[in-house]
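**Student:** model this:
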Amino acid sequence: ALTSAFKAYRQSSMMILLAATFIIGTVHFLYFYQTSKFLKAIGLNDAYIMPAMSIGQFAEIAAMAGLGLMLRRLGFRKVIILGAGCYVLRYLVFANFALLPIEVIVVSQSLHGPCFACFYAAGFIYVDRMAPVDIRHSVQTLFGLMCFGIGPLTAGQLNGTLAAWCTPTGQMLDYERFWYATAAIGFVGLAVLVCLFHDQTESTAT
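**Tutor:** Down below sits the predicted model:
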């Protein structure tokens with residue numbers, strides 16, 4: 001079954017999506033590694049850090065509720081690209097924390113909703129749509145492994161590397177540099193999707 005699942009990813013759109021998921025999945029987990037420390041570093045009171053981050057969870061629920069409508073109106077390609085673009089936008093907002101009111105940084109946590117729903121959830125639905133029925137579970141498992149296995153592991157390594165690169169000797173982590181670097185990595189994943197990803201469900205029987 002696993003061999004057949006790997007063969008399913010030979011389809012161009014599946015291969016491109018998997019590659020983009022490796023990149024986006026990595027920056028996705030940098031959010032969880034750094035955001036609470038970042039909010040504290042820019043002056044948000046400890047008591048408000050978890051409530052601020054919970055905005056993203058509520059936004060995720062709202063985005064998931066509207067995902068079906070978005071997919072019907074826009075299609076997989078536009079929705080998945082929108083999700084990837086929201087990652088880049090979120091980290092660009094974070095990187096400009098010195099120029100923006102802290103309230104804007106807090107409200108930007110809401111971008112977690114379309115990030116997760118439009119990229120991760122829509123990606124799972126796309127893989128489900130494209131996978132042959134008899135190996136659908138195996139194909140989904142491989143995609144989930146990329147999202148929630150390889151992604152977090154790679155993010156852990158990248159977090160340490162970026163943090164070291166963005167921390168001058170004897171000083172605090174330079175979050176402006178850190179988030180710009182994260183946005184740049186996310187932009188690579190976005191560019192891969194914009195340039196190479198095409199919705200093959202449009203020509204595939206469901």
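**Student:** which helix or strand contains Gln171?
**Tutor:** Counting by DSSP states H and E, Gln171 is held by no secondary-structure element, helix or strand.
**Student:** and the pLDDT for it?
**Tutor:** Looking at Gln171, its pLDDT is 82.
**Student:** ok, it to Arg177 distance?
**Tutor:** 11 Å (CB to CB, to the nearest Å). Bear in mind the C-beta positions are built from the backbone N, C-alpha and C, glycine included.
**Student:** quick one, which of these two is more surrounded?
**Tutor:** It is Arg177, of Gln171 and Arg177, that has more neighbours when counted by other CB atoms under 10 Å, with 15 against 8.
**Student:** and the residue of the chain most remote from its centre, how far is that from Leu190?
**Tutor:** Relative to the centre of the chain, the most outlying C-alpha is that of Gly170, 31.8 Å out, by CA atoms, centre = their mean. Distance, Gly170 to Leu190, by CB to CB: 35 Å.
**Student:** swap in Ile24?
**Tutor:** In terms of CB to CB, Ile24 sits 8 Å off from Leu190.
**Student:** Met146 too?
**Tutor:** Counting by CB to CB, the gap from Met146 to Leu190 is 17 Å.
**Student:** more neighbours: these two, which one.
**Tutor:** The residue with more neighbours, out of Met146 and Leu190, is Leu190; 25 against 20, by other CB under 10 Å.
**Student:** which residues do Ile24 and Leu190 both contact?
**Tutor:** Shared contacts of Ile24 and Leu190 (CB atoms under 8 Å, 6 or more residues apart in numbering): 84, 87.
**Student:** what is the burial count for Ile16?
**Tutor:** For Ile16, using other CB under 10 Å, the count is 17.
**Student:** quick one: secondary structure of Phe97?
**Tutor:** Using DSSP: H, G, I helix; E, B strand; the rest coil, the structure places Phe97 in coil.
**Student:** my read: it touches Asp174, true?
**Tutor:** No. The criterion here is CB atoms under 8 Å, and Phe97 misses it with Asp174 at 11.4 Å.
**Student:** the two: who's more crowded?
**Tutor:** Neighbour count, other CB under 10 Å: between Phe97 and Asp174, Phe97 has more, with 20 against 15.
**Student:** phi and psi next, for the more buried one.
**Tutor:** Backbone geometry at Phe97, expressed as degrees, to the nearest 10, gives phi -60, psi -30.
**Student:** now do the contacts for Ala8.
**Tutor:** 14, 130-132, 135, 139.
**Student:** mind checking which of those residues are in helices?
**Tutor:** 14, 130, 139 (DSSP state H).
**Student:** quick one: low-confidence ranges for the chain?
**Tutor:** In the predicted model, the chain carries pLDDT under 70 at residues 1-2, 202-206.
**Student:** what ranges do the strands span in it?
**Tutor:** Here the chain has no strands by DSSP state E.
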